[in-house]
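1. any chance you could fold what I've pasted below:
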Amino acid sequence: MSKRFKDENVREPITGFRDIVGQEVRLRTYVSNKIGELFQKWGYDQIIFPLVERASSFSEEVVGGSPWPEWDKRSVFYLHIHDYKDSYKELPTQVPSLLVPEGTISVSRWLAKQLVSNKNEKDLFPIKVFYITPCFRNELTSKLSPTKGREFNQVGVEILGTSNILSDIEVLSLVYEGFRSIDVPSECITIRVGSVEVFNFLCSESNVDEKTRIDFKNSLDTIAEARAGKGTERLEPEIKKVFTVIKNMNLSEKLIKKWEIVCGTYTEAIDEKTMDILGYNDSINDLNKLASVFQESNIKCFIDLSVVRSHEYYTGIVYEVDLKIDDTIFVEVAGGGRYNKLISKFLAGKEYQIPAVGFAYGLERLVEFFKLVQKSNKGNYSVNYWVDSKGADQVLYSNPKKVPEVINLLSFAEKERNNNSRVSIYVGDGDEAKAREYAKKLGAGFISK
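-> Model (predicted):
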């Protein structure tokens with residue numbers, strides 16, 4: 001036996017990776033496919049992108065000024081691909097690459113490619129896609145656990161090419177319905193929504209430099225986690241840390257009060273008095289409207305202005321969704337939000353922005369919770385697939401202005417889907433004529449309400 005074989009356990013996977021077999025595979029496959037079935041019923045097409053991407057697609061110039069991801073670029077698996085052309089004897093071209101750490105960047109890169117090759121693609125917005133993909137992050141070995149490895153899986157959706165708040169509502173509705181599709185009780189689900197736009201407005205008004213802005217964002221991310229139940233002992237110290245910096249910035253009392261609101265607001269609705277102090281009325285009104293849609297549907301939804309998400313590409317409404325059963329809480333099993341500037345980063349020389357919104361579940365944590373709620377007398381499950389060329393059976397168009405109208409629209413679509421019909425709500429920025437073009441693109445029928 002060679003010395004190398006003695007010194008290295010060749011039977012073990014690399015630290016942070018593991019073999020999976022048996023029931024765990026069946027559970028993961030069922031949960032991801034059941035949610036994939038739901039996405040199809042809502043008119044989403046699946047996209048499969050490469051697991052190896054160009055490193056430049058994930059550079060700070062694209063994803064933002066903060067280290068990537070999770071605040072340290074060393075947490076990405078970088079590699080070099082050797083491109084041999086005609087012979088392995090030739091000197092290859094080296095392509096700096098990486099293993100994908102998440103799905104949104106790859107979907108954005110894909111869309112930019114479509115826009116460059118098809119000038120009319122943007123006329124057919126919105127585009128709705130979902131993905132089920134492995135992701136890779138070089139987590140510290142001290143932080144590894146059975147549900148947090150260096151390889152994990154994301155199940156997510158993206159709506160590309162629309163700024164309509166109805167698209168934000170639909171995406172967050174899909175988060176909730178995805179949980180319900182695998183028997184997670186409604187009372188176990190809590191939605192927390194915030195606004196990166198509000199945070200950015202306040203940073204600009206307070207003349208916060210880029211480094212401090214990133215530090216504040218990191219602190220707010222910690223505050224949101226702690227308030228949701230993950231490391232609750234961190235809450236007060238992290239708030240104190242933020243205000244230690246703020247007190248040295250010579251801000252007005254009004255601005256200090258605004259920071260207090262951002263760090264301390266956790267409510268079902270932001271009242272008029274708070275809005276008068278805070279300002280940014282359009283952003284706050286959108287938050288209140290979105291939260292009301294869920295609250296009036298008896299879904300737990302809170303506005304937490306410390307929810308700003310760590311990824312730098314978010315620009316508007318963002319959200320995180322927690323699950324709790326008895327004394328067990330899973331914080332941020334799903335998260336996402338609006339990102340209106342990311343796709344344009346892949347369109348060199350292009351002036352227009354492509355608005356977009358999406359979310360992703362962490363599959364491993366979702367499966368762990370599914371185990372907790374799985375009924376003992378239920379062992380067989382079924383999943384439907386559609387293999388025809390149509391993207392949906394019906395496209396539903398409406399122009400709801402008030403919260404009850406939005407709820408009625410979502411309810412009507414759900415009744416149609418319960419009849420095993422794939423229904424895509426038109427959430428684009430266009431009028432009924434554009435919605436009809438969208439239906440034609442999907443090969444679907446058209447319903448106007």
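2. now do the SS call for the nearest residue to residue 332 once chain neighbours are set aside.
-> Sequence neighbours aside, residue 320 is the residue nearest to residue 332 in space, at 4.6 Å (criterion: Cβ to Cβ, 6 or more residues apart in numbering). C-beta here means a position set from N, CA and C on the backbone, and glycine is covered the same way. When classified by DSSP: H, G, I helix; E, B strand; the rest coil, residue 320 comes out as strand.
3. what bridges to residue 320?
-> Beta bridges link residue 320 to residue 192, residue 335, judged by DSSP bridges.
4. next up, the contacts around residue 148.
-> Contact partners of residue 148, counting by Cβ atoms under 8 Å, 6 or more residues apart in numbering, are 139, 364.
5. so how far is residue 373 from it?
-> 21 Å (Cβ to Cβ, to the nearest Å).
6. same for the helix or strand where residue 365 lies, what does it pack against?
-> If you go by DSSP states H and E, residue 365 is part of helix 363-373. Counting contacts by 3 or more Cβ pairs under 8 Å, 6 or more residues apart in numbering; DSSP states H and E, helix 363-373 packs against helix 23-41, strand 151-160, strand 317-325, strand 328-338.
7. out of those, nearest to residue 62?
-> strand 151-160 (15.9 Å; Cβ to Cβ).
8. beyond that closest one, next helix or strand please.
-> helix 165-181.
9. ok, back up a step: a markdown table please, covering the helices and strands packed on helix 363-373 and showing mean neighbour count.
-> Formatted as a markdown table, the helices and strands packed on helix 363-373 follow (neighbours: other Cβ atoms under 10 Å):
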| stretch | mean neighbour count |
| --- | --- |
| helix 23-41 | 18 |
| strand 151-160 | 24 |
| strand 317-325 | 23 |
| strand 328-338 | 22 |
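10. columns mean pLDDT and distance to residue 430 on top of the ones you listed, output as CSV?
-> Listed next are the helices and strands packed on helix 363-373 as CSV, based on pLDDT from 0 to 100; distance: least, Cβ to Cβ, whole Å:
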stretch, mean pLDDT, distance to residue 430
helix 23-41, 95, 23
strand 151-160, 96, 14
strand 317-325, 96, 21
strand 328-338, 94, 18
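11. reformat the ones you listed as JSON lines; add distance to residue 61.
-> Shown next, in JSON lines, are the helices and strands packed on helix 363-373 (distance: least, Cβ to Cβ, whole Å):
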{"stretch": "helix 23-41", "distance to residue 61": "31"}
{"stretch": "strand 151-160", "distance to residue 61": "21"}
{"stretch": "strand 317-325", "distance to residue 61": "22"}
{"stretch": "strand 328-338", "distance to residue 61": "21"}
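12. closest to residue 116 out of the ones you listed?
-> strand 151-160 (14.5 Å).
13. what strands line up against that closest one, and which way round?
-> strand 127-136 (antiparallel), strand 356-362 (antiparallel).
14. buried residues in the first one, which are they?
-> With burial defined by 16 or more other Cβ atoms under 10 Å, the residues of strand 127-136 counted as buried are 127, 128, 129, 130, 131, 132, 133, 135, 136.
15. what do you get for stretch 346-357?
-> For stretch 346-357, the neighbour count (16+ other Cβ under 10 Å) marks 346, 347, 354, 355, 356, 357 as buried.
16. could you identify the most distant pair in these?
-> 347 and 357 (18.3 Å).
17. contacting residues around the helix holding residue 365?
-> 24, 27-28, 31-32, 132, 147-149, 152-155, 182-185, 188, 323, 325, 328, 330, 333-334.
18. what is the mean pLDDT for the next helix or strand after that helix?
-> On the C-terminal side of helix 363-373, the closest following helix or strand by DSSP H and E is strand 394-397. When pLDDT is averaged over strand 394-397, the result is 97.
19. right, and the helix or strand after strand 394-397?
-> Past strand 394-397, the next helix or strand by DSSP H and E is helix 403-417.
20. what are the buried residues along that next one?
-> 403, 406, 407, 409, 410, 412, 413, 416, 417.
21. tell me the angle of that helix relative to helix 165-181?
-> 50 degrees (axes from the mean of the first three to the mean of the last three Cα atoms, to 10 degrees).
22. centre of the chain versus the following helix or strand past helix 403-417, how much separation?
-> Remark: after helix 403-417, the chain's next helix or strand is strand 423-425, criterion DSSP H and E. Relative to the chain's own centre, strand 423-425 is displaced by 20 Å; criterion: Cα atoms, centre = their mean, to the nearest Å.
23. packing partners of strand 423-425?
-> Using 3+ Cβ pairs under 8 Å, 6+ apart: strand 423-425 touches strand 394-397, helix 403-417.
24. hmm, try it at 10 Å
-> With contacts defined as 3 or more Cβ pairs under 10 Å, 6 or more residues apart in numbering; DSSP states H and E, strand 423-425 has these neighbours: helix 165-181, strand 394-397, helix 403-417, helix 432-442, strand 445-448.
25. can you redo the buried residues of strand 127-136 as TSV with distance to residue 361 and pLDDT?
-> As requested, these are exported to TSV (distance: Cβ to Cβ, whole Å; pLDDT from 0 to 100):
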residue	distance to residue 361	pLDDT
127	20	95
128	17	97
129	15	97
130	11	97
131	11	97
132	10	97
133	12	97
135	12	95
136	17	95
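26. and which of these is nearest to residue 394?
-> The shortest gap between residue 394 and any of the buried residues of strand 127-136 belongs to residue 128, at 14.0 Å (Cβ to Cβ).
27. next up, the contacts around that closest one.
-> Shown in contact with residue 128 (Cβ atoms under 10 Å, 6 or more residues apart in numbering): 39, 42-45, 157-162, 167, 170-171, 174, 358, 391-392, 424-425, 427, 438, 442.
28. buried members of the residues you listed into PyMOL, please.
-> Here is the PyMOL command that picks out the buried ones among those, judged by 16+ other Cβ under 10 Å:
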select buried, resi 39+42+43+44+157+158+159+160+161+162+167+170+171+174+358+391+392+424+425+427+438+442
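29. out of the buried residues of strand 127-136, which is nearest to residue 384?
-> Nearest to residue 384, judged by Cβ to Cβ, of these is residue 130 at 14.9 Å.
30. tell me the mean pLDDT for stretch 175-186?
-> When pLDDT is averaged along stretch 175-186, the result is 95.
31. and that stretch, how far apart are its ends?
-> Across stretch 175-186, the terminal residues are separated by 12 Å (Cα to Cα, to the nearest Å).
32. skipping adjacent residues, who's closest to residue 381 in space?
-> Here the residue nearest residue 381, using Cβ to Cβ, 6+ apart, is residue 30, at 5.6 Å.
33. do the same with residue 213
-> Residue 213 sits nearest to residue 203 (Cβ to Cβ, 6+ apart), 4.9 Å away.
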